[in-house]
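[1] sequence and computational prediction follow.
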Amino acid sequence: MKLGWYAAAAVLLAACGQANNAPQESDIVEIDDATLDEAPALAREYVPPDYSKITSYGDDWYLSPGWPGEYPAGFVILDADVTVDGRTAPDHTKPQDKACSLPQFANYQLWNNKRVAADELEFFVATKTFPVTLTQDANVEYVSDAGMQVLEMKRGDQLTYLRYLGEGFAILSRDGTEYDINEAELMDISDIRDSKGEEDEWIRVTCGDGTRAWLLYDDVIAEPGIVPSPITGYGDAADILPDQVEAIRAEAEANAAAAAAMADEPFE
């Protein structure tokens, strides 16, 4: 007999306002009874901490579990003996004070359920909030447990952008109530195009010596021997194999070169 449970990745995303989206088979890990006792409690029933108590982000930041995007970011360790500089607490205002060795071939990505469970990975994102002002009267649709509902808004009314979810949807609030809204709904009726979001993606990992460290994605991805996680399919992620290393490295280098070339092109 096998017992199925939602991996932390699926629980995290549901906690971010996507509870209406049932996880696909790739979001679920099945564990034999014989190994169930070895699975950390985190993967069975994840209760996110109060991030505001362990960080120094102000009230103009929205802190929530999970990482954004229909294909959330991640990183893989290509080389042996990789050690990164992390933090004992996810405080972006303080220096990196914790050296953390990471295993070769590990893929730190929300969908890598086995790695999430084995290392008790924790993901959260801090998003700098900003106002979104309506430029005309409009009915704005949002997702609810009862289906699509409508916010009746007037020109000059404001929403507060809290975080991106995925597939075009974001969490915005009005008068303290949060709504899942498709950003496309707001493009032609508000000033949302004029604002640029800012976000920090944090992950808490288990280091080689068994201690724990918080890593900031932008810091880690700049380290030698670490590249963004390869995309193999929706909801699909796993640690990589030794014979995949050079292909993944080459793909990451090509993607970086293409991104740099696009950055050099004039914006039209």
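    Nice, I can see it.

[2] flag every buried residue along the host helix or strand of residue 179.
    Assigned by DSSP states H and E, residue 179 belongs to strand 177-182. Under the neighbour-count criterion of 16 or more other CB atoms under 10 Å, strand 177-182 has 179-182 buried. Quick note: C-beta positions are derived from backbone N, CA and C, even for glycine.

[3] and stretch 209-225, by the same measure?
    213-217, 220-221, 223, 225.

[4] which one among those gets closest to residue 246?
    Closest approach to residue 246 among these (CB to CB): residue 225, at 12.7 Å.

[5] related to what we said a few turns ago, for the buried residues of stretch 209-225, work out which two are farthest apart.
    Farthest pair in the buried residues of stretch 209-225 (CB to CB) is 214 and 225. Separation: 19.8 Å.

[6] can you tell me which of the buried residues of stretch 209-225 is nearest residue 81?
    Using CB to CB, these come closest to residue 81 at residue 225, 8.6 Å.

[7] go ahead and confirm the closest one touches residue 79.
    Yes: if you go by CB atoms under 8 Å, residue 225 and residue 79 touch, sitting 3.3 Å apart.

[8] returning to what we had before: could you export the buried residues of strand 177-182 as JSON lines, including distance to residue 127 and pLDDT?
    What follows is these, written out as JSON lines (distance: CB to CB, whole Å; pLDDT from 0 to 100):
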{"residue": "179", "distance to residue 127": "15", "pLDDT": "97"}
{"residue": "180", "distance to residue 127": "15", "pLDDT": "97"}
{"residue": "181", "distance to residue 127": "15", "pLDDT": "97"}
{"residue": "182", "distance to residue 127": "17", "pLDDT": "96"}
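
[9] if we take the residues you listed, which one ends up nearest to residue 88?
    Closest to residue 88, out of all of the buried residues of strand 177-182 and judged by CB to CB, is residue 180, at 34.0 Å.

[10] any idea what that closest one is bridged to?
    Counting by DSSP bridges, residue 180 is bridged to residue 143, residue 171.

[11] my read: it touches residue 169, true?
    Yes: assessed by CB under 8 Å, residue 180 is found in contact with residue 169 at 5.4 Å.

[12] for these two, list the residues in contact with both.
    Taking CB atoms under 8 Å, 6 or more residues apart in numbering as the criterion, residue 180 and residue 169 both touch residue 143.
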